[in-house]
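1. Dropping a prediction and its sequence here:
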Amino acid sequence: MGIIIDRQKKVIVQGITGREGSVRAKLMKEYGTQIVAGITPGRKGQVVHGIPVFDSVEEVVENFGSIDISVIFVPAPLVKNAAFEAIASGIKLVVLIPDRVPIYDTLEIAEFCQANGARYIGPNTLGLISPGEALLGMIGGRAQSARQWFVPGCVGVTSRSGGITSTISYHLSRIGIGQSTIIHIGGDAVVGLRHGDVVRMFEQDEQTKAVVMFGEIGTTQEEEVAELISAGEFTKPLIAFVGGAAAKEGTRFSHAGAIVDGKHGSHASKVDALMHAGAYVAHTFEEIFTKTKEVMQELGCL
């Protein structure tokens with residue numbers, strides 16, 4: 001079944017009448033996600049790709065009952081209010097697609113989630129997919145592409161890079177290794193679900209037998225995963241690659257969440273921690289796939 005998303009989860013799209021919201025709502029619906037409604041204030045009564053539009057999340061809940069997930073496609077300055085509205089209406093997971101969300105807004109969303117027993121993914125995320133089940137966000141681009149690129153299987157993928165998330169999963173599929181769930185956790189310095197949170201979920205998922213993690217310089221997410229392995233809280237094989245080997249202190253790499261600050265968050269610190277914990281660390285991008293294939297053969301999954 002994978003983690004977070006399946007065909008039974010009831011999903012709404014905030015900002016559905018916008019260009020991105022409309023296109024991605026079509027993608028999600030065509031792939032199999034149960035999109036029950038969309039929200040754009042002042043557009044109640046419209047229909048987008050067969051999906052009814054309401055003025056507020058509260059109206060959707062009144063009409064359809066409790067909602068599991070909201071995927072948010074509003075402009076970055078409006079993301080905080082949209083997330084607050086969803087969480088206040090009882091939704092326990094919000095997916096924040098836009099980039100350039102002000103960091104203080106993200107911190108307030110984190111606090112509001114904690115106070116209400118909710119979680120968030122992103123900001124600045126492509127979303128996630130459980131192949132053969134459902135997807136959230138914009139991963140895959142089109143439903144047909146998503147079906148061709150990502151196939152059901154028993155390897156979980158967690159990544160800090162949107163493009164690399166799809167690339168890794170595509171190449172795993174090409175060598176006959178399917179995926180349980182593929183998740184782009186987001187590229188900002190402050191994100192909701194971190195690598196550590198995701199691998200904990202994969203640990204509890206019966207379908208997932210091993211995990212591929214794409215890390216980057218900046219933050220301590222990869223070191224946190226190493227600590228989980230060392231503590232016995234994550235016991236499945238982990239194949240890890242950390243981008244940014246050539247980056248020096250103070251270097252900003254790709255996006256806001258990847259910046260080296262002293263010894264913390266460096267490529268060396270992450271690789272050393274993961275190797276010491278017993279993860280399979282790939283030193284080249286191609287090695288991700290050879291190591292994963294070796295692991296899956298050892299597990300009898302190939």
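-> Great, that's in hand. Residues are numbered from 1 along each chain as shown.

2. who's in contact with residue 60?
-> 12, 36-37, 39, 54, 67, 89 (Cβ atoms under 8 Å, 6 or more residues apart in numbering). The C-beta positions use only the backbone N, C-alpha and C, and glycine is treated the same way.

3. whoops, residue 221 was the one
-> By Cβ under 8 Å, 6+ apart, residue 221 lies in contact with 160, 194-196, 215.

4. picking up where we left off before, out of the contacts of residue 60, list just those in strands.
-> Taking DSSP state E as the definition of strands, the contacts of residue 60 contribute 12, 36-37, 39, 54.

5. Reformat the residues you listed as TSV; add distance to residue 61 and pLDDT.
-> Formatted as TSV, these follow (distance: Cβ to Cβ, whole Å; pLDDT from 0 to 100):
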residue	distance to residue 61	pLDDT
12	9	98
36	10	98
37	9	98
39	11	98
54	10	98
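
6. Kindly indicate which of those lies nearest residue 152.
-> Closest approach to residue 152 among those (Cβ to Cβ): residue 36, at 24.2 Å.

7. related to what we said a few turns ago, in a markdown table: the contacts of residue 221, plus secondary structure and pLDDT.
-> Shown next, in a markdown table, are those (DSSP: H, G, I helix; E, B strand; the rest coil; pLDDT from 0 to 100):
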| residue | secondary structure | pLDDT |
| --- | --- | --- |
| 160 | coil | 95 |
| 194 | coil | 97 |
| 195 | helix | 98 |
| 196 | helix | 98 |
| 215 | strand | 94 |
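
8. By neighbour count, which of these wins?
-> residue 160 (30 neighbours; other Cβ atoms under 10 Å).

9. Test my guess that that one contacts residue 185.
-> Yes - using Cβ atoms under 8 Å, residue 160 makes contact with residue 185 at a distance of 6.0 Å.

10. Are there residues contacting both of these two? Which ones?
-> Joint contacts of residue 160 and residue 185 (Cβ under 8 Å, 6+ apart) are residue 195.

11. Which two among the contacts of residue 60 are spaced furthest apart?
-> Counting by Cβ to Cβ, the most remote pair of those is 36 and 89, 13.1 Å apart.
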